[in-house]
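S.K.: Provide a 3D model corresponding to the input given below.
(one chain, ligands or ions: 2)
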Amino acid sequence: MRFLRAWITAVLLSVLGYLLFLWLGLAYPPLRLFGAMTQLLGVPKIFQLVHAVFGLGQGGKIFAFSGVAVLWLGGLTLLGGLWRGRIAGLIVFVLGLAFTPWYIALGYGVAFWLLLDAVNVWLTPRVRAVTVRPVPPDTGRRTTTLALATGGAVVAGGGLTALFRDPGAGAPTQAASIVPGQPLPFGVTPTSQWYYVSKNLEPFDPNVDGKTWSLKVGGLVRTPLTLSLADLKGFAPVTEELTLSCISNPLGGPLISNGIWEGFRLSELLKKAGVQGGAKYLLWEAADGYTESLPLGRALEDDILLVHTLNGQPLTPKHGYPLRVLIPGRYGMKQPRWITNITLSATDVPGYWVRRGWSKTALVELTSRIDQPAEISPIMKAGAPGFIRGIAFYGDQPITKVEVTTDGGKTWQAARLIAPRSKSVWTPWELPWTPAAGSYDVQVRAYSGEKVQKKVESDALPEGATGYHHFIVNVS
Ligand SMILES: Nc1nc2c(c(=O)[nH]1)N[C@H]1C(S)=C(S)[C@@H](COP(=O)(O)O)O[C@H]1N2
Ligand SMILES: [Mo]
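M.R.: Numbers count the residues shown, from 1 in each chain. Ligands and ions are numbered 1, 2, ... in the order given. Okay, the predicted model is just below:
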């Protein structure tokens, strides 16, 4: 009974804390705990293991957060079951100090104490000295307890379901959006099918209010700026098609998409703020605490954009509303979403993923992928005229040739390239193929001028995956 009450208290405290997190942005201890855990998960060896077990996407994070939820609710239940209010509250406070600011720890300690006492008083059958109304019978109490316990379970269950829901599941694996037998697509990924990667569990991604949002430009600048969303209209508009890929995308993987973006040039913004002599690095900060950095020389080049629109619509919250960075030639990790601060600095502050072992420059590797036939169902009909199709990508450098083999590398044939409309966009390619019955080892490799795609297969960590995308196609 004591443990059930403690558990109900723990659930109440969690729900209350979550609401305060949503409304007031107060630190949420389970999330802090999760943050501490993702630091651990970012360690290269553990990261590889998690990806091996859970694949890409949210699986690993959901597993980690489930662990945190169990630890958090279980821990509080144990504390509240073993000790009475004040002592339990004190322990929560002391433990809380380890991973939240002191006032949050204090708040949770006091709240746990008061809630635990309140739940105890509420659920304990007792006769008051002076009763105005008749005391509810014991059975009534038991019903209340049962109802409350069930309610608590429903709330916890509902809350956790909401947390763990993964609306993107299934969709991103169709990143190629090439339908077998159909002509090559226009090449732009619809926003709903855009790949999604975040350091945060999706429900905890920032949901920025455009009305109160501002971009602060400071540090070693002559004129510090604070820009509202409306102020951004003052910059010369730029529209650009650009492909983005995650550095953790495996060989032939889905974490790459192509979109049409609108925004303005970072160089114009920096000109307006005025760069001071000692500045050597540009530091980004985002609403979720994500950070990145760029040497100032690269930051001053004309091709870096700050964008507010994807495929003709304002950025969705998921993809960076209200403003995100685009740096041609670099993997997604160099390009923060939800940016809030730009600071010019004399010293470098390595970014969020760089501190966890990922590439400092995150320059895109020369790569190519076969989309048709699809690796997940590599079956074709004998004698039917068909195609092998896919994409090749090398950041801001051109793809000049793509070669395909169907015999495991003995002979190679040049594919036809569909020239991209602008730089920094993937290059779709296709090769007509009418195979006889049999089993084929199909592979692809791309060229950029003299440079050939690396043959040696390497994991994504730390510099991005390399190797030829290949699989067996069965024709019958
Ligand atoms: N603020 C912030 N920006 C971020 C990230 C993040 O976790 N937080 N993840 C980065 C990574 S690793 C990638 S691959 C891209 C993914 O952008 P997308 O989900 O819109 O495709 O965002 C980058 N920008
Ligand atoms: Mo990424």
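
S.K.: and Ala384, what does it touch?
M.R.: Contacts here follow CB atoms under 8 Å, 6 or more residues apart in numbering; on that basis Ala384 touches Thr434. To be clear about C-beta, it is placed using only N, CA and C from the backbone, and glycine gets the same treatment.

S.K.: Let me know the secondary structure of it.
M.R.: coil (DSSP: H, G, I helix; E, B strand; the rest coil).

S.K.: In this protein, what residue comes closest to ligand 2?
M.R.: Across the chain, the shortest distance to ligand 2 (CB to the ion) belongs to Cys246, at 3.3 Å.

S.K.: Any idea how many residues pack against that residue?
M.R.: 21 (other CB atoms under 10 Å).

S.K.: Against Thr243, how distant is the closest residue to it other than its chain neighbours?
M.R.: Excluding the flanking residues, the one nearest Cys246 by CB to CB, 6 or more residues apart in numbering is Leu255, at 3.9 Å. Counting by CB to CB, to the nearest Å, the gap from Leu255 to Thr243 is 12 Å.

S.K.: before we move on, the earlier item: mind checking the backbone torsions on the residue of the chain closest to ligand 2?
M.R.: Per-residue torsions, Cys246: phi -90, psi 140 (degrees, to the nearest 10).

S.K.: Could you double-check that it lies in contact with Lys199?
M.R.: No - Cys246 is beyond contact range of Lys199, at 11.7 Å (criterion: CB atoms under 8 Å).

S.K.: Point out the residues in the stretch 51-200 of the chain that sit beside ligand 1.
M.R.: Residues of the stretch 51-200 of the chain lying close to ligand 1 by CB under 6 Å from any ligand atom are 194-199.

S.K.: Would you mind putting those into a markdown table with distance to Phe264, pLDDT and secondary structure alongside?
M.R.: Shown next, in a markdown table, are these (distance: CB to CB, whole Å; pLDDT from 0 to 100; DSSP: H, G, I helix; E, B strand; the rest coil):
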| residue | distance to Phe264 | pLDDT | secondary structure |
| --- | --- | --- | --- |
| Trp194 | 21 | 92 | coil |
| Tyr195 | 25 | 92 | coil |
| Tyr196 | 25 | 92 | coil |
| Val197 | 25 | 92 | coil |
| Ser198 | 25 | 91 | coil |
| Lys199 | 26 | 88 | coil |
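
S.K.: could these go into JSON lines alongside distance to Thr405 and neighbour count?
M.R.: JSON lines is the format used below for these (distance: CB to CB, whole Å; neighbours: other CB atoms under 10 Å):
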{"residue": "Trp194", "distance to Thr405": "31", "neighbour count": "21"}
{"residue": "Tyr195", "distance to Thr405": "28", "neighbour count": "23"}
{"residue": "Tyr196", "distance to Thr405": "33", "neighbour count": "20"}
{"residue": "Val197", "distance to Thr405": "31", "neighbour count": "18"}
{"residue": "Ser198", "distance to Thr405": "37", "neighbour count": "17"}
{"residue": "Lys199", "distance to Thr405": "38", "neighbour count": "18"}
